[in-house]
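Trainee: Fold the following, please.
(one chain, ligands or ions: 1)
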Amino acid sequence: MSPALEFRATRKRARIHDPRRDFALTEIESEVRYDPLTGDSARICHFAYPKRALPDLSALAEGTREGCPFCPDRVERVTPRYPAELLPQGRLRRGEALLVPNLFPYDDVSAIVSMSQAHFLAMDAMPVTLVADALKLARDFIVTAAPLVEAREVYGIVTWNYMPPSGASQVHPHLQVIVTDTPGNQLRRELEAEARFFAARKRPYPVALLEAERGGARWLEEAGGIAWWVPYCPTGMLGDAQALFVEQATISACDDATLEAFAGSLCRVLSAYARMGLWSFNLTLLPDAQGQRSGRHRLSARLLPRFYLHPQLHNSDTAYLQLLLGEKFAMLYPEQHAAELRALLAAPAAR
Ligand SMILES: [Zn+2]
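Mentor: Numbers count the residues shown, from 1 in each chain. From the prediction side, this is the model:
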């Protein structure tokens with residue numbers, strides 16, 4: 001039997017004379033956790049963050065409608081088309097979803113999926129069919145484009161930045177799809193670590209992690225071959241969640257039913273976050289290379305709610321720790337975050 005995964009943490013204790021307690025000598029605890037796969041550290045501290053209600057986003061939605069490149073009356077005129085050798089039709093459609101080249105590409109194959117005809121989709125009522133269609137369209141495009149990328153290893157990566165706190169420059173819901181030999185440092189390092197784990201333990205790390213998390217303090221749910229939990233090492237200041245595709249290593253290996261199951265669970269988790277007052281997120285699906293047969297990896301999705309720390313200042317939830325020191329930082333414990341998400345997932349949405 002292979003040894004259990006190591007969920008390691010160290011406590012930090014800061015001693016101050018606290019003006020909030022009449023300058024009594026006070027010890028304030030924080031925690032550093034180490035990712036069981038990569039060993040990367042992440043910090044958790046107690047930081048007061050008042051609960052907020054979901055703001056009225058109608059002015060933001062209305063104010064950005066004019067000039068939106070993805071609205072149906074404009075999208076055909078202002079978005080590019082692919083050359084015939086990549087995509088004979090130039091663009092791809094599925095339901096309301098439309099895939100077009102990114103006008104501002106950052107790789108050889110860099111596409112956008114406009115997910116809906118509606119300019120704005122609320123996070124607490126995301127239509128599952130539209131999300132599933134957009135994912136299926138992204139998958140179909142990756143299947144078409146991957147063989148055309150000349151590289152030993154090709155990755156089809158799908159991401160979703162929703163609303164401005166996440167970095168999204170358009171309110172209109174859209175996915176990014178890149179088909180690339182350069183999957184990014186985080187995914188590259190995780191896959192290398194998973195290959196080492198597989199060689200040493202003779203089993204895939206994501207499966208070992210799933211077994212360790214299933215039914216535990218960070219567990220959320222599992223259905224249709226998709227499992228959700230809150231990661232041991234937080235990424236977001238207000239927590240985050242991750243999904244695992246239990247059988248598949250790439251999005252191109254997912255059949256329609258699997259993508260529908262993922263879309264359904266994603267929309268439920270998004271609704272739970274919206275009921276926490278959050279209204280923006282980053283989502284990334286992390287695949288193995290196309291055609292990789294080692295069995296080391298499973299497709300996973302990381303869902304990271306994003307927010308402005310202060311409602312008037314609009315200061316970012318990302319600063320020097322994350323960007324310059326590469327250190328993740330959270331204001332709440334993953335186990336506490338999971339308990340809150342579980343309660344919201346169990347309660348019916350108000351609308
Ligand atoms: Zn629009």
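
Trainee: how about the helices in the stretch 251-351 of the chain?
Mentor: 256-275, 320-323, 334-346 (DSSP state H, counting those that start in this stretch).

Trainee: try the stretch 51-200 of the chain
Mentor: 58-63, 75-78, 128-145, 185-201.

Trainee: Run the chain-centre distance for the last one.
Mentor: So the one you mean is helix 185-201. 20 Å (C-alpha atoms, centre = their mean, to the nearest Å).

Trainee: same question, the first one
Mentor: How far helix 58-63 lies from its chain's middle: 25 Å, per C-alpha atoms, centre = their mean.

Trainee: Check which residues of stretch 136-147 are buried.
Mentor: Within stretch 136-147, the residues scored as buried using 16 or more other C-beta atoms under 10 Å are 136-139, 141-146. All C-beta atoms are positioned from the backbone trio N, CA, C, and that covers glycine.

Trainee: Residue numbers of the stretch 1-150 of the chain in contact with the ion?
Mentor: Within the stretch 1-150 of the chain, the positions lying close to the ion (C-beta under 5 Å from the ion) are 68, 70-71, 119.

Trainee: most centrally placed residue in the protein?
Mentor: L283 (2.4 Å; C-alpha atoms, centre = their mean).

Trainee: And the pLDDT for that residue?
Mentor: L283 carries a pLDDT value of 98.

Trainee: if we can go back for a sec, just name the closest of the buried residues of stretch 136-147 to the ion, please.
Mentor: Nearest to the ion among these: L137, at 17.4 Å, using C-beta to the ion.

Trainee: Go ahead and confirm that closest one touches R91.
Mentor: No: using C-beta atoms under 8 Å, L137 makes no contact with R91, being 10.1 Å away.

Trainee: one step back: can you pull up the bridge partners for the residue nearest to the centre of the chain?
Mentor: W160, L303 (DSSP bridges).

Trainee: That one contacts A301, correct?
Mentor: Yes: between L283 and A301 a contact is recorded at 6.2 Å, counting by C-beta under 8 Å.

Trainee: Between these two, which contacts overlap?
Mentor: Counting by C-beta atoms under 8 Å, 6 or more residues apart in numbering, the contacts common to L283 and A301 are L266.

Trainee: elements contacting the least confident helix or strand in the chain by mean pLDDT?
Mentor: Lowest by mean pLDDT, DSSP states H and E among the helices and strands of the chain is helix 320-323, with a mean of 92. Helices and strands touching helix 320-323, by 3 or more C-beta pairs under 8 Å, 6 or more residues apart in numbering; DSSP states H and E, are strand 328-330.

Trainee: Could you give the backbone dihedrals for L25?
Mentor: phi -70, psi 120 (degrees, to the nearest 10).

Trainee: do you know how far it is from C68?
Mentor: To C68, L25 is 56 Å away according to C-beta to C-beta, to the nearest Å.

Trainee: Which one of those two is surrounded by more residues?
Mentor: C68 (19 against 9; other C-beta atoms under 10 Å).

Trainee: what's around the residue lying closest to P305 once chain neighbours are set aside, how many residues?
Mentor: Of all residues not flanking P305 in the chain, L278 sits nearest, at 4.3 Å (C-beta to C-beta, 6 or more residues apart in numbering). Using other C-beta under 10 Å, L278 has 22 other residues around it.

Trainee: show me what contacts L278?
Mentor: 54, 123, 238, 305-307.

Trainee: wait, doesn't P234 sit right on A330?
Mentor: Yes: counting by C-beta under 8 Å, P234 does reach A330; the two are 3.6 Å apart.

Trainee: Give the intersection of the neighbour lists for the two.
Mentor: With C-beta under 8 Å, 6+ apart, P234 and A330 have common neighbours 42, 44.

Trainee: ok, back up a step: just tell me which of the helices of the stretch 251-351 of the chain ends up closest to the ion.
Mentor: Of all the helices of the stretch 251-351 of the chain, helix 256-275 comes closest under C-beta to the ion, at 19.2 Å.

Trainee: List the buried residues for the closest one?
Mentor: Buried residues in helix 256-275 (16+ other C-beta under 10 Å): 258-275.

Trainee: need the residues of the stretch 1-150 of the chain next to the ion in CSV with pLDDT, can you?
Mentor: Formatted as CSV, those follow (pLDDT from 0 to 100):
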residue, pLDDT
C68, 97
F70, 98
C71, 98
H119, 98
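
Trainee: For the residues you listed, which single residue is the most surrounded?
Mentor: F70 (22 neighbours).

Trainee: Contacts only, for it.
Mentor: 79, 98, 112, 114, 119, 170, 172, 174.

Trainee: Local confidence estimate at the residue in the stretch 151-300 of the chain positioned nearest to the ion?
Mentor: Proximity of the stretch 151-300 of the chain to the ion (C-beta to the ion) peaks at H172, 3.3 Å away. Looking at H172, its pLDDT is 98.

Trainee: same thing with S265?
Mentor: On the pLDDT scale, S265 gets 98.

Trainee: cool, H314 as well?
Mentor: pLDDT, read off for H314, is 87.
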